[in-house]
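Participant: for reference, the sequence and a predicted model appear below.
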Amino acid sequence: MDLDQIKKQITNITTSAELEKIRIELLGRHGLLNKLFADIENQPDPKAYGQLLNQQKKEIEKLIKDKQSSFKPDNQVPLSKKRGLPAVAPKMAFGHLAKVGHLHPITITERQINEIFRNLGFSLYDGPEIETDEFCFQRLNVPRNHPAREMQDSIYIHEPEYLLRTQTSSIEARLLAQEKPPFKAAFPGRTYRNEKVTKSNHFIFHQYQGVAIDKNITLKDAIGTFNTLFEELYGNNVHARYRCKYYPEVEPGMGFDLECFSCHGVGCSICKGAGWIEMGGAGIIHPKVLTMAGIDPKIWRGFAFALGLDRWVMAKFNITDIRTLLGGNLAYKPNVL
């Protein structure tokens, strides 16, 4: 890969549209970098090759970010003109343009976590919300008669084959089936379960899933990743803990908790008196899951994780009732800016 030529190409770009095109060509799912990473096992020194690619990827990401920040608004076509809409200015308030809205707390947190994982070398993926039984359960080591299905009261579109995904692990299952290791990917998404709505649970909720596959991955890599995530999002003084927990798709598995942001460990209705809030689960991917995806577990290992994104949002913005996130009450304006 000729990095000097790429630098020259990015430098000569004059519009955001051109920059986005080159970003996709270089860093996209089917871009040049991912193709080079896919060839890592064929290199004489895979470790040095991978380190070089990671360094080049970071340089390209910085070049693109710096170039984007250099564009002035005049270089971009207003959204109203793109869609043929009248450009209506917001009403004036005390001599200033009136504020017309803000990003949702879930969107803000999701974008921050996206950036953290990008900096850790993860690519971002997405998947369907209407899922098949195969990818939602079977490829995750949960066959039709598995008792773990009783833990997820599923909402079916057409029983027993099609349902609203109960977990973003379904994206992991599709990714494992499509991509060749090594790779690291993260994927936020909305999920659905027939749950009773309370202050800390909802039948519509959001998860943030991730997976990393390589030859020498251990549980230490997963814990290091989560420590970084906790500190980047909540600061160095965050209190978190890890404990053993069973999940069918990983072995060993663990849950990770955050000290309750509402009661600070004393015990309240948010944490159900425990003083801790479960923020997600993770573990080393089960050999059966890798085998079903056509990946040899004797060569490759990986860790997978799922975050309860809504709870990460609540902890970040001190929101004490999950129902306010999806309640649709326009009068509700959390202090998020």
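Facilitator: Thanks, I have it. Numbering: from 1, shown residues only.

Participant: from now on I want contacts and neighbour counts done on CA atoms only, so please keep to that.
Facilitator: Will do.

Participant: packing partners of the longest helix seen in the chain?
Facilitator: With DSSP state H setting the assignment, residue counts place helix 46-70 as the longest helix in the chain. Here helix 46-70 touches helix 3-11, helix 16-27, helix 32-38, going by 3 or more C-alpha pairs under 8 Å, 6 or more residues apart in numbering; DSSP states H and E.

Participant: export those to JSON lines and tack on distance to Thr166 and mean pLDDT?
Facilitator: Listed next are these as JSON lines, based on distance: least, C-alpha to C-alpha, whole Å; pLDDT from 0 to 100:
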{"stretch": "helix 3-11", "distance to Thr166": "41", "mean pLDDT": "84"}
{"stretch": "helix 16-27", "distance to Thr166": "30", "mean pLDDT": "82"}
{"stretch": "helix 32-38", "distance to Thr166": "29", "mean pLDDT": "81"}
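
Participant: if we can go back for a sec, buried residues in the longest helix of the chain, which are they?
Facilitator: Within helix 46-70, the residues that count as buried by 16 or more other C-alpha atoms under 10 Å are 49-50, 53-54, 56-57, 60-61, 64, 67-68.

Participant: now these as TSV including distance to Cys260 and pLDDT?
Facilitator: Below are the buried residues of helix 46-70 laid out as TSV (distance: C-alpha to C-alpha, whole Å; pLDDT from 0 to 100):
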residue	distance to Cys260	pLDDT
Tyr49	43	82
Gly50	39	80
Leu53	40	82
Asn54	36	82
Gln56	40	86
Lys57	37	85
Ile60	39	86
Glu61	36	85
Ile64	38	86
Lys67	41	84
Gln68	39	81
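
Participant: just say helix, strand or coil for the closest residue in space to Gly308 that isn't next to it in sequence.
Facilitator: Spatial nearest neighbour of Gly308, excluding adjacent residues (C-alpha to C-alpha, 6 or more residues apart in numbering): Gln207 at 4.9 Å. Three-state call for Gln207 (DSSP: H, G, I helix; E, B strand; the rest coil): strand.

Participant: and Gln207, how far from Phe226?
Facilitator: Computed as C-alpha to C-alpha, to the nearest Å, the Gln207 to Phe226 distance reads 15 Å.

Participant: likewise for Trp312?
Facilitator: Taking C-alpha to C-alpha as the measure, Trp312 falls 12 Å from Phe226.

Participant: show me which of these two is the more surrounded one.
Facilitator: Trp312 (26 against 17; other C-alpha atoms under 10 Å).

Participant: what's the nearest residue to that one if we skip its chain neighbours?
Facilitator: Met279 (6.9 Å).

Participant: might one say that that neighbour is in contact with Phe256?
Facilitator: Yes. Contact criterion C-alpha atoms under 8 Å: Met279 and Phe256 qualify, at 5.9 Å.

Participant: related to what we said a few turns ago, between the buried residues of helix 46-70, which is nearest Pro252?
Facilitator: Distance to Pro252 across these (C-alpha to C-alpha) is lowest for Gly50, with 27.2 Å.

Participant: domains of this structure?
Facilitator: 3-82, 105-324 (automatic domain parsing).

Participant: out of the ones you listed, which is the most enclosed?
Facilitator: Among these, ranked by average contacts under mean count of other C-alpha atoms under 10 Å, first place goes to domain 105-324 (a mean of 18).

Participant: where's that one relative to the chain centroid, distance-wise?
Facilitator: 9 Å (C-alpha atoms, centre = their mean, to the nearest Å).

Participant: what stretches of this structure score poorly on pLDDT?
Facilitator: For the chain, applying pLDDT under 70 flags the ranges 1, 71-101, 151, 199-201, 328-337.

Participant: residue boundaries of the helices in the stretch 101-250 of the chain?
Facilitator: Counting by DSSP state H, counting those that start in this stretch, the stretch 101-250 of the chain has helices at residues 105-119, 133-136, 169-178, 219-234.
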